[in-house]
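*Asks:* Predicted model follows, preceded by the sequence.
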Amino acid sequence: MEPTDPLYLHPAESTHPMVVDIKLLGIENYLEWKRQMEIAICSKRKLGFLTGVVKRPTDDPLRADTGIHKSIKNYVLYTKTANEIWDYLQKHFSASNGARKFRLNKELEDLEQDEKSICEYFTELRILWQNLEIMTDWPPVTQVTPEINAWLDAQLKEQEERKLFQFLNGL
C-alpha cells in the first residue's frame, strides 16, 4: 500500500485507539474536544474519514469511540461510519452557545495582568481568544477575488487591533 493512501498505517503508528487529553462530556467541552481530535487525527492523516471525503471500506468494522464519555457513546453506538459520528456530534454539541460566548467575553473584559508575568497574562488572553474564535461559524470562502482578499485583510487587521487593545487594557 502506498504511503499516500489514506488507509496506509505507518510502521511507527500503533493500531491501538488514539488517546486525547479530554473526554467529550457534552456542549461544555465539545469545541476543545473537537480541536484535540482534529489535531490527533490530522497527525495520522486520517481527517478525511471524519469529513466524509474518504470512505471507510465496507469490510472494516467501526471502532471510533475514543475520547467520548460513556453517556454520549450510547448515542453513536449504532452509526456506520466515523463521518456519521462526527456529523452527529457536531450537530448536537457545536450549536452557538450565546451564554458561553458572553462568559468568555466577560472573562476577556475582566482579565488583568495583576501579579502574572507578561507571558502568563498573554497566554490566558490567547486561550480566551482561541475559544471565542472556534465558536465563530464563518461561511466557507469558495472563490477568492481581490475584493474578498481586501475584506479578509481588513477583518484580520480589525481583529488584531481589538486584541491589542484588550491586551493593553489588562496591563
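*Replies:* Alright, I've got the coordinates.
*Asks:* Just give me the residue closest to the centre of the protein.
*Replies:* Nearest to the centroid of the C-alpha atoms of the chain, with distances taken as CA atoms, centre = their mean, sits residue 35, at 2.6 Å.
*Asks:* Mind telling me what element it is part of?
*Replies:* If you go by DSSP states H and E, residue 35 is part of helix 30-43.
*Asks:* same question, residue 99
*Replies:* Using DSSP H and E, residue 99 falls within helix 98-110.
*Asks:* where in the chain is pLDDT low?
*Replies:* For the chain, the stretches with pLDDT under 70 are 1, 3, 5-19, 56-67, 94-96.
*Asks:* mind giving me the domain split of the chain?
*Replies:* With automatic domain parsing serving as the domain definition, the record reports that the chain contains domains spanning 1-95, 98-170.
*Asks:* which one of those domains is the most hemmed in?
*Replies:* domain 1-95 (a mean of 14; mean count of other CB atoms under 10 Å). (Each C-beta comes from the backbone N, C-alpha and C, glycine too.)
*Asks:* Return the backbone torsion pair for residue 53.
*Replies:* Backbone torsions of residue 53, given as degrees, to the nearest 10, read phi -70, psi -40.
*Asks:* Name the residues that touch the lengthiest helix in the chain?
*Replies:* Scanning the chain for the helix with the most residues, using DSSP state H, yields helix 146-170. For helix 146-170, contacts defined as CB atoms under 8 Å, 6 or more residues apart in numbering pick out 108, 111-113, 121-122, 125, 129, 141.
*Asks:* Could you look up the SS state of residue 26?
*Replies:* What DSSP: H, G, I helix; E, B strand; the rest coil gives for residue 26 is coil.
*Asks:* measure the residue lying farthest from the centre of the chain to residue 107 for me?
*Replies:* Each residue of the chain has a distance to the centre, and by CA atoms, centre = their mean the biggest one is for residue 115: 31.1 Å. Distance check for residue 115 against residue 107: by CB to CB, to the nearest Å, it reads 18 Å.
*Asks:* What of residue 32?
*Replies:* When CB to CB is applied, the distance between residue 32 and residue 107 equals 15 Å.
*Asks:* Equivalent analysis for residue 149, please.
*Replies:* In this structure, residue 149 and residue 107 are 33 Å apart, going by CB to CB.
*Asks:* what does residue 40 give?
*Replies:* Using CB to CB, we find residue 40 at a distance of 27 Å from residue 107.
*Asks:* same deal with residue 2?
*Replies:* As for residue 2, its distance to residue 107 is 48 Å (criterion: CB to CB).
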